[in-house]
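need a structure here:
(one chain, ligands or ions: 1)
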Amino acid sequence: MGNVLRGKNIIVGICGGIAAYKTPQLVRLLKKNGANVRVAVTDGGARFVSELALATVSGERVYRSIFPPVDTTGTDYTRHISLGEWADAFVIAPATANTLAKLSAGLCDDMLTALFIALRPGKPVLIFPAMDGQMFLSPSVQRNIAILTAQGCSIISPESGELASGLSGLGRMPEPESIVSSLEETLHSSPESSPLHGKSIVVTAGPTREKIDGVRFISNYSSGKMGFAIARAAAKRGALVTLVTGPVHLETPPGVTRLDVESAMEMHNASQSFFKGCTIFVGAAAVSDYRPAAPYEGKMKKDDQEIELTLIKNPDILAEFGMQKAPGQLAVGFALETQTGLDNARKKLNTKNLDLIAFNFFDRKTSGFEVDTNILTLIDKDGVTTELPQLPKDSAAERLLDAIEKLYVKAGY
Ligand code: C5P
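Take a look at the predicted model:
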């Protein structure tokens, strides 16, 4: 990944937090790695770090006000547009609560916020909030972060440690080296080079809940982590990702459109509307195969009698897509097995008319529901079988997407 920064045009935005004193070092590191750097600083930022220092290390003038000095003429007033066009990435570090609010609202009364709006679509924005931990966790800041995340910005959570207030806890800006690594990682997975770039991908994730009565349901241990990791990885490759998820406790990955559903029927209805338009459908949800035939209105009362619950079959969402898919569309599924293994996964690949299936064994320690790692075996419709080692779910998702990309290209789509 060494020189992914070489020749890249990076804007560093600096807001008014004490961590701003570290930013000349950040600029220096970026320059040392071969990047061209321009700096935009807010009025608050300029109180914490000298513009002269920033201009010296970047070798360029520093931008602050959106209005040029009175003695300049001509195109200087449109500098935010030309810089927005110039940039390959925008790093905002530190980002204050105030600037997060401005960015999420679309305000642009200084160079930093105007550049954010003027940046070309698809260019990565990495935001490093740094502030007191309670401020960071306040509902207002979290709401603004959620808005910016949904817009596709990568928000990197602050680290824990000693804070300027004398308190200790969450809020520290990561060190410049770590900021540079995050940027390198982002630029490395250049979306433009992926065959999935601009393609529509639908991912189902999480469990479903099937109502027994108004307060009880049938469900399973699925955490949604695998499906969310796939959605995150696909969005990083520039795909247009829709995530249809059952109830989970996970943040929406950057740039992903999320639809929350509860039951298998809701997941079915939400997914079906994308069957025709999507290029790839990935069924990573643990959809309940059955639902109570007649859920009770309100809460069922206890008495001494045994009760019988009649369950009826839910539609198989992935199989439906598999049967309906047209040339140019790919269906990808999962097979979570407890006893029978690969043979059953192969059977599912065929009966559901899938292009690829990821088999994983369920032991609740290294693989399957809830845990953070997975051991996948990928089987494609031509019988090519790839065994992956135990990997964090994010890495397993990347490998799955590599396989999907290969299939897509091989099929000549
Ligand atoms: O048949 P089985 O439930 O093991 O199939 C697993 C695969 O099928 C997963 O990819 C899952 O998301 C999908 N599936 C589905 N709708 C169902 C059941 C399973 O999309 N009702």
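
the ligand contacts on the stretch 151-300 of the chain?
Residues of the stretch 151-300 of the chain lying close to the ligand by Cβ under 6 Å from any ligand atom are 204, 264, 283-285, 287, 289. C-betas here are computed from N, CA, C, even on glycine.

mind checking which helix or strand Val39 is in?
strand 36-41 (DSSP states H and E).

what residues does the following helix or strand past that strand touch?
The helix or strand immediately downstream of strand 36-41 is helix 43-48, counting by DSSP H and E. Residues from elsewhere that reach helix 43-48, judged by Cβ atoms under 8 Å, 6 or more residues apart in numbering: 14-18, 20-21, 64, 96, 98, 110, 112.

what's around Ala233, how many residues?
Applying other Cβ atoms under 10 Å, we find 26 residues neighbouring Ala233.

repeat for Ser104
20.

assign a three-state SS to it, would you?
For Ser104, the assignment made with DSSP: H, G, I helix; E, B strand; the rest coil gives helix.

follow-up on the earlier one: which ones among the contacts of helix 43-48 map onto strands?
Ile14 (DSSP state E).

can you list the contacts of helix 43-48 in JSON lines and add pLDDT, neighbour count and distance to the ligand?
Converted to JSON lines, these look like this (pLDDT from 0 to 100; neighbours: other Cβ atoms under 10 Å; distance: Cβ to the nearest ligand atom, whole Å):
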{"residue": "Ile14", "pLDDT": "98", "neighbour count": "34", "distance to the ligand": "45"}
{"residue": "Cys15", "pLDDT": "98", "neighbour count": "33", "distance to the ligand": "43"}
{"residue": "Gly16", "pLDDT": "97", "neighbour count": "18", "distance to the ligand": "47"}
{"residue": "Gly17", "pLDDT": "95", "neighbour count": "26", "distance to the ligand": "44"}
{"residue": "Ile18", "pLDDT": "94", "neighbour count": "16", "distance to the ligand": "48"}
{"residue": "Ala20", "pLDDT": "97", "neighbour count": "26", "distance to the ligand": "47"}
{"residue": "Tyr21", "pLDDT": "97", "neighbour count": "16", "distance to the ligand": "50"}
{"residue": "Arg64", "pLDDT": "96", "neighbour count": "18", "distance to the ligand": "51"}
{"residue": "Thr96", "pLDDT": "98", "neighbour count": "23", "distance to the ligand": "42"}
{"residue": "Asn98", "pLDDT": "98", "neighbour count": "16", "distance to the ligand": "43"}
{"residue": "Asp110", "pLDDT": "96", "neighbour count": "24", "distance to the ligand": "47"}
{"residue": "Leu112", "pLDDT": "98", "neighbour count": "29", "distance to the ligand": "43"}
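
contact partners for Leu196?
Per Cβ under 8 Å, 6+ apart, neighbours of Leu196: 234, 237-239, 280, 401, 404-405, 408.

now, among these, which is nearest to Glu51?
Gly238 (35.6 Å; Cβ to Cβ).

returning to that earlier point: quick one: buried ones out of the contacts of Leu196?
234, 237-239, 280, 401, 404, 408 (16 or more other Cβ atoms under 10 Å).

quick one on the thing from earlier: for the strand holding Val39, packing partners?
Counting by 3 or more Cβ pairs under 8 Å, 6 or more residues apart in numbering; DSSP states H and E, the packing neighbours recorded for strand 36-41 are strand 9-14, helix 23-32, helix 51-58, strand 62-63, helix 79-86, helix 111-118.

what strands line up against that strand, and which way round?
Applying DSSP bridges, strand 36-41 is found paired with strand 9-14 (parallel), strand 62-63 (parallel).

now the last one: how far from the chain's centre is it?
Right, strand 62-63. Chain-centre distance of strand 62-63: 31 Å, with Cα atoms, centre = their mean, to the nearest Å.

how about the first one?
With Cα atoms, centre = their mean as the basis, strand 9-14 stands 22 Å off its chain's centre.

contacts for it?
By Cβ under 8 Å, 6+ apart, strand 9-14 touches 20, 23, 26-27, 30, 35-42, 45, 49, 54, 58, 83, 86-95, 99, 112, 115-116, 183.

how about stretch 265-281?
196, 199-202, 204, 208, 239, 242, 244, 246, 259, 261, 285, 287, 291, 314-315, 317-318, 320-321, 324-325, 328-332, 404, 408, 413.

can you tell me the distance between the two ends of that stretch?
End-to-end span of stretch 265-281 (Cα to Cα, to the nearest Å): 17 Å.

my read is Asn374 is in a helix, agree?
No: applying three-state DSSP, one finds Asn374 to be strand, outside a helix.

list the residues that contact the closest residue to it other than its chain neighbours.
For Asn374, ignoring the flanking residues on the chain, the nearest one in space by Cβ to Cβ, 6 or more residues apart in numbering is Ala396 at 4.6 Å. Counting by Cβ under 8 Å, 6+ apart, Ala396 makes contact with 226, 229, 373-374, 376, 388.
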